[in-house]
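Chemist: sequence and predicted structure below; questions after.
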Amino acid sequence: MDESNYSPKSAEFIKRKFKRFLDKSNKKYFAEKTPANCLRIPFINKVFPEARYIHIYRNGYSCINSMYNQFYLKEDKNAYLTKNKSVRSKRIKEKFNKLRQIHFFELHNYLGMMFDSLCLELGLKDRYKYWGVRIPELQNKVDSLSTEEICAYQWKYCVRYANNDLGEIDGDRVINLKYEDLVLNTDHELKRVSSFLGHKIARPSRIYSLKSYPENARCKPIINQEMMELGYV
């Protein structure tokens with residue numbers, strides 16, 4: 001999604017939705033953290049030209065492991081492959097709620113994807129080989145790749161799109177944070193973010209411990225270039 005997807009009507013619709021949320025919560029600002037927005041930065045920048053971007057990046061091998069586990073841990077109620085009926089029922093309701101957030105004139109772009117998603121939740125269709133961000137460059141490669149390799153490509157292209165598109169935005173509206181630094185030096189990094197936003201950010205009540213994962217031989221050729229660019233290699 002890029003600037004070509006922009007229209008005054010869709011922008012007005014999106015802004016109205018967020019304003020309603022802010023008014024209801026009595027807040028002045030909002031933060032949007034949908035991972036797929038890595039692929040939508042030009043569009044978002046067109047809709048919200050005053051937006052600020054907090055770009056948090058993480059070691060590729062850690063992300064791959066996390067995505068892989070989210071897919072395959074069947075006993076986890078949040079896992080993509082869960083067979084828990086109550087969880088699936090909840091997710092179906094969430095999908096219909098998402099439809100309400102889409103502008104009427106944009107619905108045709110989402111109905112096919114939503115129909116497939118509902119069929120998957122109802123068990124009427126085999127589940128996809130992977131979950132999460134749909135990468136355009138990945139669609140014709142899926143059947144020939146392992147799940148770990150697919151996760152590697154997802155990470156690779158999200159990093160590439162985010163770096164390229166954020167590079168086109170004024171530097172004073174973008175801050176880059178290394179996830180590992182955020183965990184290990186939380187107070188220092190939060191001061192950076194507070195200074196960047198011009199508002200004090202409260203320290204979270206819970207900070208997860210940092211886990212590291214070894215190199216994956218299958219994934220290394222896929223992500224090595226981005227790992228080098230981010231300073232992990």
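Modeler: Cool, got the structure. In this text, all values refer to a predicted model and were calculated from it rather than measured experimentally.

Chemist: give me the mean pLDDT for stretch 89-109.
Modeler: Averaged across stretch 89-109, the pLDDT comes to 67.

Chemist: actually, stretch 171-181.
Modeler: So the average pLDDT for stretch 171-181 ends up being 96.

Chemist: end to end, how far does it reach?
Modeler: Stretch 171-181 has its terminal residues 21 Å apart, counting by Cα to Cα, to the nearest Å.

Chemist: mind listing what's buried in stretch 218-233?
Modeler: Within stretch 218-233, the residues that qualify as buried are 219, 222-224, 226-227, 230, 232, counting by 16 or more other Cβ atoms under 10 Å. Quick note: C-beta positions are derived from backbone N, CA and C, even for glycine.

Chemist: now these in CSV, please, with extra columns for distance to L197.
Modeler: Converted to CSV, those look like this (distance: Cβ to Cβ, whole Å):
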residue, distance to L197
C219, 34
I222, 34
I223, 30
N224, 34
E226, 27
M227, 29
L230, 23
Y232, 26
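
Chemist: need the pLDDT of the most centrally placed residue in the chain.
Modeler: In the chain, the centroid-proximal residue (Cα atoms, centre = their mean) is P35; its distance is 0.5 Å. In this model, P35 is scored at 87, pLDDT.

Chemist: and I64, how many neighbours?
Modeler: As a burial measure, I64 scores 26 neighbours (other Cβ atoms under 10 Å).

Chemist: picking that back up, which of the buried residues of stretch 218-233 sits closest to E3?
Modeler: Checking those against E3 with Cβ to Cβ, the nearest one is E226 at 24.5 Å.

Chemist: pull the CA atoms of the host helix or strand of that closest one into CSV?
Modeler: Under the criterion of DSSP states H and E, E226 resides in helix 220-229. What follows is helix 220-229 as a C-alpha-only set of coordinates in CSV (Å, rounded to 0.1, in the frame of the first residue of the first chain):
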residue,chain,number,x,y,z
LYS,A,220,21.2,-17.0,7.3
PRO,A,221,21.4,-16.5,3.5
ILE,A,222,18.0,-14.8,3.5
ILE,A,223,18.5,-12.3,6.3
ASN,A,224,22.3,-11.8,6.5
GLN,A,225,22.3,-8.6,4.5
GLU,A,226,19.7,-6.9,6.7
MET,A,227,21.4,-8.2,9.8
MET,A,228,24.6,-6.5,8.7
GLU,A,229,22.9,-3.3,7.9
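
Chemist: what mean pLDDT does that helix get?
Modeler: Per-residue pLDDT over helix 220-229 has a mean of 97.

Chemist: show me what it is packed against.
Modeler: Judged by 3 or more Cβ pairs under 8 Å, 6 or more residues apart in numbering; DSSP states H and E, the packing partners of helix 220-229 are helix 60-72, helix 147-166.

Chemist: rewinding a little: just give me the closest of the buried residues of stretch 218-233 to P8.
Modeler: Nearest member of those to P8, counting by Cβ to Cβ, is E226, at 35.7 Å.
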